[in-house]
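In: Let's see this in three dimensions:
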Amino acid sequence: MDDRLQAAPFGVLAVSSDGALTECNDAARELLDVDGDPTGIAVAEVVPHSVEDSLLSALEGSSVSETSFEEYYPPIERWLDVSVVPAETGATVYFRDVTARRRAQKTVAELRAERRRTAIVDETRSAVLRELVASSSRAEIEETLARELGERDLWTFAWVGERRLDVDGLAVRSVAGRTGETFEAVREAIDGPATTPEERAIEQASVQVAQPIAEDSAVPERVRLAAFGDGVQSMLAIPLSYGSTADGVVGVYADRTDAFSERERASF
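Out: So this is what the prediction gives:
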């Protein structure tokens, strides 16, 4: 390896036709978190495994084709831009750290997705209000809430509960969407000793959120297990209040771990 590549700010590896490293510059050792001199060691033992292992695939076989790709390498927690260039006796591999750009792109994409979701929440709220104006009974209101929230693509299902006057727990008034085993687990939980987020929403007259559900010990275990099986990952419990008293609740469940941002909760 000539002096320019040895001192280059990007990683460079020279790989022999049998898959062993013949040269490695300092930048490559730093990027790949390699200690000591790796020359003579198989590339598969030096370069951390990526999600797709595209580098190892590119170096397989008797001949190497020029290729490039970006991949995430979990052991070193970096995104690398990798280029493979055929050489007379193997290949030269170039690495550039693009983690900062990837993280910035992810942040922008997440913000855009959140804005889209918030717009849908606001659209849903407007649709609910239009329906409520035309509703003549509490039952119609409850059906409207469950239908408008539970049958939207953004959420998996929604249900409306009412505080029981004679015994502890909640009465299910309406439900809509793909309930799976999760809602049955919720129904059992509200009749049991454990306190559900929906019950806490009424008791505290405040919105309750669990995301991810599977890791929230405040959600009854039976519900956590059912949600994991159904792929349901987030839930929001919104108290229904008249004045200072909350006597009802809407439970909204979704299949994303980040379904309810602070902005979305405020919209709800």
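In: in what helix or strand does residue 195 lie?
Out: Using DSSP states H and E, residue 195 maps to neither a helix nor a strand.
In: can you give me the strands for the stretch 1-150 of the chain?
Out: Listed in chain order, the strands of the stretch 1-150 of the chain (DSSP state E, counting those that start in this stretch) span 11-16, 21-24, 67-73, 78-87, 90-97.
In: For the fourth one, output the C-alpha coordinates as CSV.
Out: Looking back up the chat, that one is strand 78-87. This file holds the C-alpha atoms of strand 78-87, laid out as CSV (Å, rounded to 0.1, in the frame of the first residue of the first chain):
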residue,chain,number,x,y,z
ARG,A,78,-21.6,2.5,12.6
TRP,A,79,-23.0,2.9,9.1
LEU,A,80,-20.2,2.4,6.5
ASP,A,81,-20.0,3.3,2.8
VAL,A,82,-18.1,0.3,1.4
SER,A,83,-16.5,0.1,-2.1
VAL,A,84,-14.9,-3.1,-3.4
VAL,A,85,-12.5,-2.7,-6.4
PRO,A,86,-10.9,-5.8,-8.0
ALA,A,87,-7.1,-6.1,-8.0
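In: coming back round to it: in TSV, list the strands of the stretch 1-150 of the chain along with mean pLDDT.
Out: TSV is the format used below for the strands of the stretch 1-150 of the chain (pLDDT from 0 to 100):
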stretch	mean pLDDT
strand 11-16	93
strand 21-24	92
strand 67-73	92
strand 78-87	93
strand 90-97	94
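In: Any buried residues in the longest helix along the chain, and which?
Out: The single longest helix within the chain, with elements called by DSSP state H, is helix 99-134. Residues 102, 117, 120, 121, 124, 128, 131 are the ones in helix 99-134 that count as buried (16 or more other CB atoms under 10 Å). Using the backbone N, CA and C atoms, a C-beta is placed for each residue, glycine as well.
In: Specify which member of the residues you listed is nearest to residue 160.
Out: Ranked by distance to residue 160 (CB to CB), the buried residues of helix 99-134 are led by residue 128 at 11.7 Å.
In: Spatially nearest residue to the closest one (excluding sequence neighbours)?
Out: Nearest residue to residue 128 in three dimensions, chain neighbours excluded: residue 148, at 4.9 Å (CB to CB, 6 or more residues apart in numbering).
In: ok so, going back, check the strands of the stretch 1-150 of the chain for me and report the most buried one.
Out: strand 11-16 (a mean of 22; mean count of other CB atoms under 10 Å).
In: Could you export that strand as PDB, CA atoms only?
Out: Output of strand 11-16 as PDB, limited to C-alpha atoms (Å, rounded to 0.1, in the frame of the first residue of the first chain):
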ATOM      1  CA  GLY A  11     -10.200   3.000   5.600                       C
ATOM      2  CA  VAL A  12      -8.400   0.800   3.100                       C
ATOM      3  CA  LEU A  13      -8.000  -2.900   3.100                       C
ATOM      4  CA  ALA A  14      -6.100  -5.100   0.600                       C
ATOM      5  CA  VAL A  15      -7.500  -8.600   0.400                       C
ATOM      6  CA  SER A  16      -5.800 -11.500  -1.200                       C
END
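In: Direction included, what does that strand pair against?
Out: strand 21-24 (antiparallel), strand 90-97 (antiparallel) (DSSP bridges).
In: Find me the pLDDT at the residue nearest to residue 128, would you?
Out: On the pLDDT scale, residue 148 is placed at 84.
In: re the thing from before, now distance to residue 202 too, for the strands of the stretch 1-150 of the chain, in TSV please.
Out: As requested, those are arranged in TSV below (distance: least, CB to CB, whole Å):
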stretch	distance to residue 202
strand 11-16	58
strand 21-24	63
strand 67-73	43
strand 78-87	45
strand 90-97	51
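In: Minimum distance to residue 211: which of those has it?
Out: strand 67-73 (23.3 Å).
In: Tell me which other helices or strands that closest one touches.
Out: For strand 67-73, the packing partners by 3 or more CB pairs under 8 Å, 6 or more residues apart in numbering; DSSP states H and E come out as helix 54-59, strand 78-87.
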